[in-house]
Structure formats: structure tokens, C-alpha cells
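**Student:** No letters, just coordinates:
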């Protein structure tokens, strides 16, 4: 017997095509249901494809700014803490110089000995590293910026600036935190505030004795150094604030762009699940009808 009559061929052929189309749509919907997105291929977004690409690029760029800002902010925090330690050093020296100003030889000897130790501490602080880089070295981050070998020996002078201890360069670190937005935050170990601290420490540390005039002059320079060091710390605080504000702004923008991108690429899983149920019922009905048509033949008709 003939399984399909010529009269039903066109109808059955159309039903098969329709069933295959429904199956293809169902397969696409099943992928959307499991992934939660419209398409894994950018071409599947049609006229929205360019918008999706632009938003994805924006998200990536914003994240790069956030990452750079986070690293820079961490460096600034390390530098801020180091400068705080320098403030402690110069404060301690001033206190000891004030004690020595009473004319006590014991206090004078004590401040000289203390200055020698504080000078070593100062050198170690300015050779502070973060993430394997020397933060006070300018652009020469792979080289310790301070070498006390020659600096700490010989007579010092309170009147003449001396940054011979410094081996870095004059590059000031900065970070790009947005399109056309850069924040400078670097401080080098030869900064005038640090040089003043080093100068007064060297003078006191290398003195065999301290006269009242020496102590008075050292106290004056130490006071200036303390004020200038506080100004450096304030500048670092301001840089940190600018970096964190820019990073927060980029985070907000990233979230906004991600939301827009999600609106364009995501599917309503509940709605897709409902559609799948409808398509499944439609496909079942199509196959049932097709089965009946294909089973028809003359003998069946005569029955």
C-alpha cells in the first residue's frame, strides 16, 4: 500500500516544514532558558548588536580604570603611612632637642645617639616597597631610592640642602582614572620636606657636641620639616580622595552600563518557559495530525 496519497503530499509536506521550524525555535528557546541570554553570538542580537558591543567595551574600560585606581590608592595608603612614620621621627627629634636645650650634656649625648638611629630608620622608611616597587623612587621603582652609605658620614649643615642620598628620578607617579582624567599622587624621597628631615638628622647625628645655638637652629629646621611633612601627608590624603571618588564614579558607570547591556541581552526566563510549553503543545498536535495524514490510504478511506 502507498503510505502517502498524492492529494495529501502538499499538505503533509507543509506540516513537516512547520514542525521542523517549531523544533528549531524550541531549540533556540531552550538555550535561552538555560543561559538566560538571548544569544551567545553577537549577531543574534540583530539591530541591537552594536549597542551591546559598545556597552561591553564600556564595561571593560571602566573596570580597567577601577583596577588602576585600586592599585594607585593602595600605593597612596602605603605612602601616607610611611610619611606618618616620618612625622613621628621628626616629632621625636624635636622632643629630644627641646630636652637637650636645657644645657644637660647627658641629654645632648642622648639626642646625638638617637639621631643616628633615626637617620637609619628614615632611610628604611623612604625605601618602602609596595608590590615589589619602591614607592618613593619616582620612575625608578626597581631601585632603592635612598643610600646612606656616603650621606650619613661627615659633618652636616643646617643651612645647605643636601639630597645626595637620593638615587631615584624626578618622575611623579600618576594614574589614569577616566577618559581624560589623571590624578598625580607620587612623592619622591628627595622631596624638600624629606630632605629637611634628613638634613637635620645628619647634622645632629654627626655632631660631637651641640651648643645652644646648634640646638636652636636644629629645632627651627625640625619645626619647618614637621610642617612641610604634614603638608606632604595632606597632599597624599587629597590624592587618595580624588582617586577613590573617581573609582566610585567608574563603578557607578560600570553598573549602569551592565544594567543596560543586561536589558538588551537577557531574556525573561519565566516567559521563555511558558513559550516552550506552548511550542511543545503545538509540536505535539502537529505530529499527531501529521501521523493521521500519513496513515491515510484508499483502503482506510473505504473503511
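**Tutor:** Structure's in. What do you need? As the structure is a prediction and not an experimental result, all values here were calculated from the model.
**Student:** Any regions of this protein where pLDDT drops low?
**Tutor:** Residues of the chain meeting the criterion pLDDT under 70: 1-16, 18-19, 22-45, 265-269, 271-272, 274-277, 279-283, 285-303.
**Student:** The same query, at a cut-off of 80, please.
**Tutor:** Scanning the chain for pLDDT under 80 picks out 1-48, 103-104, 154-155, 262-303.
**Student:** pull the longest helix from it.
**Tutor:** Secondary structure of the chain read by DSSP state H shows that its longest helix is helix 212-265.
**Student:** to the chain's geometric centre, what's the distance from it?
**Tutor:** Centroid separation for helix 212-265 versus its chain: 15 Å, with Cα atoms, centre = their mean, to the nearest Å.
**Student:** and that helix, what other elements does it pack with?
**Tutor:** Under the contact criterion of 3 or more Cβ pairs under 8 Å, 6 or more residues apart in numbering; DSSP states H and E, helix 212-265 touches helix 49-100, strand 174-178, strand 181-184, helix 192-205. Just so you know, the C-beta spots here come from the backbone N, C-alpha and C atoms, and that holds for glycine as well.
**Student:** Just put the ones you listed in TSV and tack on distance to residue 123 and mean neighbour count.
**Tutor:** Below are the helices and strands packed on helix 212-265 laid out as TSV (distance: least, Cβ to Cβ, whole Å; neighbours: other Cβ atoms under 10 Å):
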stretch	distance to residue 123	mean neighbour count
helix 49-100	11	18
strand 174-178	26	18
strand 181-184	25	15
helix 192-205	8	24
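**Student:** Is it possible to get JSON lines of these that adds distance to residue 226?
**Tutor:** Formatted as JSON lines, the helices and strands packed on helix 212-265 follow (distance: least, Cβ to Cβ, whole Å):
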{"stretch": "helix 49-100", "distance to residue 226": "5"}
{"stretch": "strand 174-178", "distance to residue 226": "27"}
{"stretch": "strand 181-184", "distance to residue 226": "24"}
{"stretch": "helix 192-205", "distance to residue 226": "8"}
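**Student:** So for residue 211, which of these sits nearest?
**Tutor:** The closest of the helices and strands packed on helix 212-265 to residue 211 is helix 49-100. By Cβ to Cβ, the value is 10.5 Å.
**Student:** Could you point out the helix or strand that follows the closest one?
**Tutor:** helix 105-126 (DSSP states H and E).
**Student:** who touches that following helix?
**Tutor:** For helix 105-126, contacts defined as Cβ atoms under 8 Å, 6 or more residues apart in numbering pick out 82, 85-86, 89, 92-93, 96-97, 99-100, 136, 145-148, 152, 165, 189, 194, 197-198, 201-202, 204-205, 207-210, 215.
**Student:** for stretch 248-260, same thing?
**Tutor:** Here stretch 248-260 has contacts from 55, 58-59, 62-63, 65-66, 69, 177-178, using Cβ under 8 Å, 6+ apart.
**Student:** Now it: buried residues?
**Tutor:** 249-250, 253-254, 257, 260 (16 or more other Cβ atoms under 10 Å).
**Student:** among those residues, which two are most distant?
**Tutor:** Of all pairs in these, the most separated under Cβ to Cβ is 249 and 260 at 16.8 Å.
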